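In: Fold the following and give me the result.
(one chain, ligands or ions: 1)
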Amino acid sequence: MAEAILTVLGSGSRGNALHLEHRGVALLVDAGLSAKQLEMRMEETGAAGAQLLGVVLTHEHGDHCAGLKTFLKKRKVPVYASHGTKDALEPHVATAEWRSFEAGTQLEIGAFRVETFPVPHDAAEPIGLRVTAGTTRIGLISDLGFVTRLVVERLKGCAALVLSRTTTRRCCGRRKRDRGRSNSGSRPGTVTFPTGLRPSWWRRWREWS
Ligand SMILES: [Zn+2]
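Out: Next comes the predicted model:
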């Protein structure tokens, strides 16, 4: 049996959701697709067969949580989110079983160890994740504004990495860009590392991709 099965149910501005399965149990990371699409894609990929332990949210933007409220009507599972993310979403998803924490907290959710860390993005308290399932470690980072030393540190030793960057976002009727340093010169969908921060393993991944 595979140590961990990672399924990308959706990615990009139309909705983000990842399903991570380990020995019959699973976590959903973000719920940015409609509940109908989430269920359909989990069924199509075989992910629906695992027992879902909870939903972990990276941040509150609609493309990461649009389907959450409806999804929870059928799936009575807890929602793990930073305090900032929970505070932003709670008025809209008040019935959720919230388990909130400070960015940087390590969670134990069933067989999964979920290490959270703050990432730069225009959201209330966005987090990146390093999830350990058995002996497999996977890095999950969404909408990364720019690469920080902490991000590089947390991604060390990961067997797989799902990473997306952000460019501009329509928010509250106007376009916003993540403050501070950005990767604005790079291609959409790619992440560049500032001089001196690029880890040795990055080149190998680039060569593989
Ligand atoms: Zn975002």
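In: Against residue 3, how distant is the one residue sitting closest to the centre of the chain?
Out: With distances taken as CA atoms, centre = their mean, residue 58 lies nearest the centre of the chain, 4.7 Å away. Remark: distance between residue 58 and residue 3 (CB to CB, to the nearest Å) = 23 Å. All C-beta atoms are positioned from the backbone trio N, CA, C, and that covers glycine.
In: re the thing from before, pLDDT score assigned to the residue nearest to the centre of the chain?
Out: You'll see residue 58 listed with a pLDDT of 97.
In: That one belongs to a strand, doesn't it?
Out: No: with DSSP: H, G, I helix; E, B strand; the rest coil as the criterion, residue 58 is located in coil rather than a strand.
In: Could you check which helix or strand contains the closest residue to it other than its chain neighbours?
Out: Nearest residue to residue 58, sequence neighbours excluded (CB to CB, 6 or more residues apart in numbering): residue 142, at 4.6 Å. Per DSSP states H and E, residue 142 falls inside strand 136-144.
In: on contacts alone, who are the packing partners of the longest helix along the chain?
Out: For the chain, the helix with the greatest residue count under DSSP state H is helix 35-45. Where contact means 3 or more CB pairs under 8 Å, 6 or more residues apart in numbering; DSSP states H and E, helix 35-45 is packed against strand 5-10, strand 17-22, helix 68-74.
In: one step back: next up, the contacts around the residue nearest to the centre of the chain.
Out: Taking CB atoms under 8 Å, 6 or more residues apart in numbering, we find residue 58 in contact with 29, 30, 64, 85, 126, 127, 128, 129, 140, 141, 142, 143.
In: next one: residue 45
Out: Residue 45 neighbours (CB under 8 Å, 6+ apart): 7, 9, 19.
In: What is the neighbour count of the first one?
Out: In terms of burial, residue 7 registers 18 neighbours under the definition other CB atoms under 10 Å.
In: got a list of what it touches?
Out: The contact partners of residue 7, by CB under 8 Å, 6+ apart, come to 18, 19, 20, 21, 42, 45, 47.
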